[in-house]
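**Student:** Make a model of this:
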Amino acid sequence: MSKLPANQQLVAANKWPITGEKTPRKDDRPWSLTISGEVAHAQQFSLDDLLAMPQREFVVDIHCVTRWSKLGAKFSGILVKDLLEFVRPNTAAGFVSFVARSERDHSTSLPLADTLELGAFVALHYEGKPLATDHGGPMRIVTPGRYFYKSLKWLEKIELLAEDRLGYWEADVGYHNTADPWREQRYIAPNLSRQETRTLIESRDFSGRDLRSIEASRRELRGLNAVGAQLRDADFRECDLRDADFREANLSNARLQGADLRGAQLADADLEGANFARCDLRGANFLKSSLFGASFVDLNDDVTVDASTGARIDTTVRFGRQQLTALTPIQEDFIQNSLASAAKTQNE
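**Tutor:** Numbers count the residues shown, from 1 in each chain. Okay, the predicted model is just below:
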């Protein structure tokens, strides 16, 4: 069985992309972990308490919902199962909510049975060193076998619940609550009706709207205004998007294969996991956009480049100098080779 779920790409061996929020909430209190809710004895553990407990070693394959994967990440920490022995969950406990020490106290949740079966753990070290802050240190949840948004950064609370409570990524962003990468459970079903979709497409004005998973394939949308729009998982395959304005839009995991994006503005956009294979990108502006997990050429079943699917790229496509390093090695090589070939042709 392949170690990569469908439509995932390997990052370079020495890379672990920083995604989501970058820093925890500003708080002068020492780090601690509180476990409460449907338990017999709520408890609070200081960071020192946790570090003094026996540490287990874990080797985990990370699969981000924005289509990048990192295999064999080495953590150490404590199983949630072992921590729950201190608090003794009540029979009513059916779900576990993990709450972050972030500006918005964001959270995610799992059924208690899945938490135990999957072996979710509190990670304190990575590759033998204390977990870095930008990767969720000093403590984060890691849930093997689920997309990584179920592995919450900056863990502060574990709450045992009788009923599920959707977290930020699930309730606000629309990510799937189960998040099984082997089933590609990335998003819940879209909430737009066909009539609403038709009206929006006719207006060619998506600016500032939350239009997750909108179905707009094969449409004539030249000059579309999508500034600041939320377009996660949108389907723009084979669209005419010439001169479209996607500045500061969120197009994570958007499907754009075969679209005509000549002259499109994609500056400052979130393009993580977006697929631009077979697109015409001449004159498109990608400056300051986030490209983690994005694709510009599709891969075959043996994870090699399918050259026939490559995007059309020439010297008029604008990328930042360091921007392409966010791509997987195969995708970065494809773009660099395309740019070099275009420059050579131009100079002949």
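**Student:** could you pull out the helices for the stretch 1-150 of the chain?
**Tutor:** Taking DSSP state H, counting those that start in this stretch as the test, the helices found in the stretch 1-150 of the chain are 47-52, 80-87, 112-118.
**Student:** Would you format those helices as a markdown table with distance to His63, mean neighbour count and mean pLDDT included?
**Tutor:** Quick note: C-beta positions are derived from backbone N, CA and C, even for glycine. Formatted as a markdown table, the helices of the stretch 1-150 of the chain follow (distance: least, C-beta to C-beta, whole Å; neighbours: other C-beta atoms under 10 Å; pLDDT from 0 to 100):
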| stretch | distance to His63 | mean neighbour count | mean pLDDT |
| --- | --- | --- | --- |
| helix 47-52 | 26 | 14 | 97 |
| helix 80-87 | 20 | 16 | 97 |
| helix 112-118 | 13 | 16 | 97 |
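**Student:** what ranges of this structure fall below the confidence cut-off?
**Tutor:** Counting by pLDDT under 70, the ranges of the chain that qualify are 1-2, 189-191, 301-303.
**Student:** Make TSV from the helices of the stretch 1-150 of the chain and add distance to Trp169 to it.
**Tutor:** Output for these, formatted as TSV (distance: least, C-beta to C-beta, whole Å):
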stretch	distance to Trp169
helix 47-52	25
helix 80-87	19
helix 112-118	16
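**Student:** for the ones you listed, which one sits closest to Gln195?
**Tutor:** Among the helices of the stretch 1-150 of the chain, the nearest to Gln195 by C-beta to C-beta is helix 112-118 (37.6 Å).
**Student:** what's in contact with the closest one?
**Tutor:** Helix 112-118 has contacts (C-beta atoms under 8 Å, 6 or more residues apart in numbering) with 80-81, 89, 93-96, 110, 143-146, 160.
**Student:** Arg218 is in contact with Arg237, isn't it?
**Tutor:** Yes: look at Arg218 against Arg237 with C-beta atoms under 8 Å: they come within range, at 7.0 Å.
**Student:** and these two? which has more neighbours close in?
**Tutor:** Legend: neighbour count by other C-beta atoms under 10 Å for Arg218 and Arg237, higher for Arg237 (20 against 12).
**Student:** what about that one, distance to Met139?
**Tutor:** 41 Å (C-beta to C-beta, to the nearest Å).
**Student:** Same check on Leu10?
**Tutor:** Distance of Leu10 to Met139, computed by C-beta to C-beta: 27 Å.
**Student:** So if I had to pick from these two, which one is more boxed in?
**Tutor:** Met139 (26 against 16).
**Student:** count of neighbours near Asn275?
**Tutor:** Residues near Asn275, counting by other C-beta under 10 Å: 26.
**Student:** Can you name the residues that contact it?
**Tutor:** 254-257, 294-295, 298.
**Student:** so what strands line up beside the strand ranked longest in the chain?
**Tutor:** Longest strand of the chain, by residue count under DSSP state E: strand 68-79. Strand pairing for strand 68-79, using DSSP bridges, gives strand 9-10 (parallel), strand 56-63 (antiparallel), strand 121-126 (antiparallel).
**Student:** and Ala307, which of those strands is closest to it?
**Tutor:** Closest among the strands paired with strand 68-79, once you apply C-beta to C-beta, is strand 9-10, at 16.4 Å.
**Student:** List the residues that contact Gly208.
**Tutor:** Residues counted as contacts of Gly208 (C-beta under 8 Å, 6+ apart) are 227-229.
**Student:** which one of those has the most neighbours?
**Tutor:** So for these (other C-beta under 10 Å), the most neighbours sit at Ala229, 27 neighbours.
**Student:** For Arg242, see how far away it is.
**Tutor:** 17 Å.
**Student:** Check Ile313 too.
**Tutor:** Look at Ile313 and Arg242: by C-beta to C-beta, they are 16 Å apart.
**Student:** ok now do the closest residue to Ala40 other than its chain neighbours, which residues does it touch?
**Tutor:** Nearest residue to Ala40, sequence neighbours excluded (C-beta to C-beta, 6 or more residues apart in numbering): Arg88, at 4.0 Å. Residues near Arg88 by C-beta under 8 Å, 6+ apart: 39-41.
**Student:** Same check on Thr315?
**Tutor:** When contacts are counted by C-beta under 8 Å, 6+ apart, Thr315 touches 339, 342-343, 346.
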